[in-house]
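K.L.:
the following comprises the amino acid sequence and a computationally predicted model.
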Amino acid sequence: MIRDLVIVGSGPAGYTAAIYASRAQLNPVQYEGSVTAGGALMTTTEVENFPGFVDGVMGPVLMEDMRKQAARFGTELITDDVVEMDLKGDVKTVKDGSGNVVQARSVILAMGSAYKKIGLANEDRLSGRGVSWCATCDGFFFRDQVIAVVGGGDSAVEEATFLTKFASKVVLIHRRDSLRASKIMADRALNNPKIEMLWNTEVVDILGAEKVSGLALKNTVTGELSERNFTGLFVAIGHIPRSELIIGQIDLDNEGYVKVEARSTRTNLPGVFACGDLVDHTYRQAITAAGSGCQAALDAEKFLSH
Amino acid sequence: MATSKVTAANFDEVVLKSSTPVLVDFWAEWCQPCRAIGPILEDISNEHGDKLTIVKLNTDEESAIAIKYGVTSIPMLNIYVNGEVVKTIIGAKPKLALLKELEAFI
């Protein structure tokens, strides 16, 4: 059987695409990911800026509700990973982790992004030994300890603020002299007595034999090197697009984001559409991802009707 | 067989004194990646439980054991052979990747 549409990924972009596509009766099958279902919002806490939720909504609740809404209109949800895709030709092929193959005339790519690593040799070695990428998972284990967060955007600031619930002190390390985060988030962190800002500073090494004991730091202005004791390091320096499965068959930009034709979600391959963090350097919000997921479904619907 | 719950009361008997390898899943209710791999571990236990016993330890309820084994990230999977930790897997991984990591035990 050749289906109309397969959706790969399940953040706000993927689920919104599924809601629109299933209401348009394209009978989409959606691969949610075996451990990544729901996407980046699954490890966040309260989302205060998604319109319609006057008092905010927890990220995982929002995603669970989007999922139910997609299911309600008949989206076939598969909680597995896609391991291979062939996007060229009129019939696209998607293979999953259990070995099943789905064929479809169109594909919506919504694989989102993954955490970016600092790129230090000791980062992997000490991962789970004090180095973490998930404050909501691991913050609990740093009760009454002094920990560091590296980064300057919304994620870093949100994590630092969240971690003050547990840690005795959170030092936010940023290589510039001002935060990139939205003003309300930045002000909240700057006014938090448990958060200390370390401006113009880069992490050059993570110290510790069995577990994290400290960081080697470099002042980006003076070049001065120093060391400081920490028991934990939370990395929140940004994201990389999860385009690894489609390298070589679709046009990507220098940073690995899928290229789309402006004001649409059309990629260079007919019948293949991309949305959400996979295409977006700039906005990276739940609402913009959802908006582009809607566009992708409408673009796919139009493509299929011709 | 299905996974079972382990606590401080039976940790010695079920994990440390086991004559076969035991995988302990350190998890918590509020940890989304932990919840994501729950069903995968259930599957693996059903398929390979004869060789590898899989048990779950709630780090909220059993924080003393979590601290003893230096847990700072969950999900964390420790494999015990003859009472010693012989392998640690950190972070949620898809079933195929987990099976590959567990190759030596199943």
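P.N.:
Looks like it came in fine. Numbers count the residues shown, from 1 in each chain, chains lettered A, B, ... in the order given.
K.L.:
just the closest residue of chain B to chain A, please.
P.N.:
B:Ile90 (3.2 Å; CB to the nearest CB). To be clear about C-beta, it is placed using only N, CA and C from the backbone, and glycine gets the same treatment.
K.L.:
C-terminal to the top helix by length along chain B, what's the next element?
P.N.:
Longest helix in chain B, counting residues (DSSP state H): helix B:32-48. The element immediately downstream of helix B:32-48 (helix or strand, assigned by DSSP states H and E) is strand B:53-58.
K.L.:
show me what the longest helix of chain B is packed up against.
P.N.:
helix A:135-138, strand B:22-27, strand B:53-58, helix B:95-101 (3 or more CB pairs under 8 Å, 6 or more residues apart in numbering or on different chains; DSSP states H and E).
K.L.:
now find how far off-centre that helix is within its chain.
P.N.:
Helix B:32-48 sits 10 Å away from the centroid of its parent chain (CA atoms, centre = their mean, to the nearest Å).
K.L.:
list the contacts of it.
P.N.:
A:34-38, A:42-43, A:60, A:79, A:134, A:136-137, B:1-3, B:23, B:25, B:27-29, B:52-54, B:56, B:74-75, B:91-95, B:98-99, B:102, B:106 (CB atoms under 8 Å, 6 or more residues apart in numbering or on different chains).
K.L.:
among the residues you listed, name the buried ones.
P.N.:
A:34-38, A:42-43, A:60, A:79, A:134, A:136-137, B:3, B:23, B:25, B:27-28, B:52-54, B:56, B:74-75, B:91-95, B:98-99, B:102 (16 or more other CB atoms under 10 Å in any protein chain shown).
K.L.:
how far away is the closest residue to A:Gln103 other than its chain neighbours from A:Gln25?
P.N.:
Closest residue to A:Gln103 apart from its sequence neighbours, by CB to CB, 6 or more residues apart in numbering or on different chains: A:Ile2 at 4.8 Å. Distance, A:Ile2 to A:Gln25, by CB to CB, to the nearest Å: 16 Å.
K.L.:
now the helices: where do they sit in the stretch 201-306 of chain A?
P.N.:
A:286-305 (DSSP state H, counting those that start in this stretch).
K.L.:
chain B contacts on that one?
P.N.:
Counting by CB under 8 Å from any CB of the partner chain, the stretch 201-306 of chain A comes close to chain B at A:210-211, A:232.
K.L.:
ok, the stretch 1-150 of chain A next?
P.N.:
A:34-38, A:42-43, A:60, A:79, A:81, A:83, A:97, A:127-130, A:132, A:134, A:136-138, A:140-142.
K.L.:
now with 6 Å?
P.N.:
A:34-35, A:42-43, A:60, A:81, A:97, A:128, A:130, A:132, A:137-138, A:141 (CB under 6 Å from any CB of the partner chain).
K.L.:
mind putting the residues you listed in TSV, pLDDT included?
P.N.:
Below are the residues of the stretch 1-150 of chain A next to chain B laid out as TSV (pLDDT from 0 to 100):
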residue	pLDDT
A:Ser34	94
A:Val35	94
A:Met42	95
A:Thr43	91
A:Pro60	95
A:Asp81	96
A:Gly97	93
A:Gly128	91
A:Gly130	96
A:Ser132	95
A:Cys137	92
A:Asp138	95
A:Phe141	95
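K.L.:
in helices only, show me these.
P.N.:
A:60, A:137-138.
K.L.:
wait, doesn't the residue nearest to A:Gln103 sit right on A:Val101?
P.N.:
No - between A:Ile2 and A:Val101 no contact is recorded; they are 11.3 Å apart, counting by CB atoms under 6 Å.
K.L.:
return the set of buried residues in the longest helix of chain B.
P.N.:
Buried residues in helix B:32-48 (16+ other CB under 10 Å): B:32-38, B:40-41, B:44-45, B:48.
K.L.:
and of those residues, the nearest to B:Val14?
P.N.:
B:Ser45 (13.7 Å; CB to CB).
K.L.:
what confidence value was assigned to that closest one?
P.N.:
As predicted, B:Ser45 sits at a pLDDT of 98.
K.L.:
do B:Met1 as well
P.N.:
Reading off the model, B:Met1 has pLDDT 89.
K.L.:
grab the nearest non-local neighbour of it.
P.N.:
Of all residues apart from its sequence neighbours, B:Gly49 sits closest to B:Met1 (CB to CB, 6+ apart), at 4.0 Å.
K.L.:
ok, that neighbour to B:Asn82 distance?
P.N.:
B:Gly49 is 19 Å from B:Asn82, by CB to CB.
K.L.:
and what of A:Gln249?
P.N.:
For A:Gln249 relative to B:Asn82 (CB to CB), the value is 49 Å.
K.L.:
burial measure for residue 11, as a count.
P.N.:
I went with chain A, as the question did not name one. Neighbour count for A:Gly11, taken as other CB atoms under 10 Å in any protein chain shown: 30.
K.L.:
not what I meant, chain B
P.N.:
20.
K.L.:
model confidence for A:Leu245, exactly?
P.N.:
97.
K.L.:
nearest residue to it other than its sequence neighbours?
P.N.:
A:Met85 (5.6 Å).
K.L.:
now that the one you found has come up, it's in contact with A:Val94, right?
P.N.:
Yes - if you go by CB under 6 Å, A:Met85 and A:Val94 touch, sitting 5.2 Å apart.
K.L.:
between these two, tell me which one has more neighbours.
P.N.:
Between A:Met85 and A:Val94, A:Val94 has the larger neighbour count (other CB under 10 Å), namely 23 against 19.
K.L.:
that one in helix, strand or coil?
P.N.:
strand (DSSP: H, G, I helix; E, B strand; the rest coil).
K.L.:
measure it to A:Met63 for me?
P.N.:
22 Å.
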